[in-house]
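Engineer: Predicted structure and sequence below. I'll ask about it afterward.
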Amino acid sequence: MELLTDSVRPGRPQALFRIAGSTPFFQTLDGQRFLVLEPESGTQARAQLVIVQNWAALLRDAK
């Protein structure tokens, strides 16, 4: 990138980091950070995700 007095001239695109072909990633709104989903290195175990819907009602009923 080249900063001129009244404009910016973009440079050649270049890789910031390596990720697998179809690995999903997300960018923060300000473009300063990325979240990359990738498995923990050295493991092939599947991670488990538990989703609790209507958790507020569960707290209310527990009283």
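Structural biologist: Good, I have the coordinates. Bear in mind that the values here come from a model prediction, so they are computed numbers and not experimental data.
Engineer: Can you report phi and psi for residue 60?
Structural biologist: Dihedral pair for residue 60: phi -60, psi -40, per degrees, to the nearest 10.
Engineer: residues near it, how many?
Structural biologist: By other C-beta atoms under 10 Å, 9 other residues sit near residue 60. From N, CA and C alone the C-beta is placed, and that goes for glycine too.
Engineer: residues in contact with it?
Structural biologist: Listed by C-beta atoms under 8 Å, 6 or more residues apart in numbering, residue 60 has no contact partners.
Engineer: how about the residue nearest the centre of the chain, secondary structure?
Structural biologist: Closest residue to the average C-alpha location of the chain: residue 35 at 2.2 Å, with C-alpha atoms, centre = their mean. Here residue 35 is strand, with the state taken from DSSP: H, G, I helix; E, B strand; the rest coil.
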